[in-house]
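1. got a structure for you, letters missing:
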């Protein structure tokens, strides 16, 4: 993925005011007008919102967890279904009964290639561009019984935090949606005894781990 982040940074520094496609104003309207009649709140692929798409359960064995591959439209099942007359899953091109315009397909492709993010990035923020995942630790540490786990994310994605005892037993897990940049997640271990704990933060695309890192923290009661 390193080469993708370099390309991503280059594009942001050389493009017009908004170097990224904005999901809410440019991508979601395409889905609203063409797709959500079949892909709404009825299970499977859900295109009613960014969060719904990110958490869709794609049942195609051909696409698996690759419905959206941030930074790579060609590897994304969604793009394959709307752009190919012979999708690799053996089904038909979407949407059924029609096709998207070349401009609409290009918009979705660009959005995925730019990281499949929820919002556009202004070049005014280019000095603050996050190009890689980083675990920033937790604060306070030591703590009793609550702390905040901080990490930065280069793309919008789901996250999962797992907490382990020093013997390796998983004693807590929580997940949610991470935004680009700094994220802070509260953690409460009120039901656990004093001691040192390990935690792992993962960024996810479906069941695929995009990035992960481990940290240590100490609970004192």
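-> Cool, got the structure. What you see is a predicted model, and the numbers here were worked out from it, not measured in a lab. Numbers count the residues shown, from 1 in each chain.
2. only C-alpha atoms for contact and neighbour calcs from this point on.
-> Noted.
3. Do you have the helices of the chain handy? List them.
-> Remark: helices assigned in the chain by DSSP state H are 2-14, 28-34, 50-54, 77-83, 102-113.
4. ok, and which of those has the densest surroundings?
-> Highest mean neighbour count of the helices of the chain: helix 77-83, a mean of 22 (counted as mean count of other Cα atoms under 10 Å).
5. Could you list every helix and strand that that helix packs against?
-> With contacts taken as 3 or more Cα pairs under 8 Å, 6 or more residues apart in numbering; DSSP states H and E, helix 77-83 sits against helix 102-113.
6. Quick one: mean pLDDT for the helix it packs on?
-> Helix 102-113 carries an average pLDDT of 87.
7. Which elements pack onto it?
-> Packing partners of helix 102-113 (3+ Cα pairs under 8 Å, 6+ apart): helix 77-83.
8. Just give me how far the helix it packs on sits from the chain centre.
-> Chain-centre distance of helix 77-83: 18 Å, with Cα atoms, centre = their mean, to the nearest Å.
9. So which bits of stretch 144-161 are buried?
-> For stretch 144-161, burial by neighbour count (16 or more other Cα atoms under 10 Å) applies to 145-161.
10. Do me a favour and get the end-to-end distance for that stretch?
-> 19 Å (Cα to Cα, to the nearest Å).
11. What segments of the chain are strands?
-> 134-139, 146-153, 157-165, 170-178, 181-188, 195-205, 208-219 (DSSP state E).
12. nearest to residue 81, of the ones you listed?
-> strand 195-205 (18.3 Å; Cα to Cα).
13. now the angle from that closest one to strand 208-219?
-> Interaxial angle of strand 195-205 relative to strand 208-219 (axes from the mean of the first three to the mean of the last three Cα atoms, to 10 degrees): 160 degrees.
14. I'd like to know which elements strand 195-205 is packed against.
-> Short answer (3+ Cα pairs under 8 Å, 6+ apart): strand 195-205 packs on strand 157-165, strand 208-219.
15. Please list all residues in contact with the residue nearest the centre of the chain.
-> Nearest to the geometric centre of the chain sits residue 157, at 1.6 Å (Cα atoms, centre = their mean). By Cα atoms under 8 Å, 6 or more residues apart in numbering, the residues touching residue 157 are 54, 177, 178, 179, 203, 204, 205.
16. hmm, 6 Å instead?
-> By Cα atoms under 6 Å, 6 or more residues apart in numbering, the contact set of residue 157 is 177, 178.
17. how close does it get to residue 25?
-> Residue 157 is 19 Å from residue 25, by Cα to Cα.
18. Kind regards, and thank you for your time.
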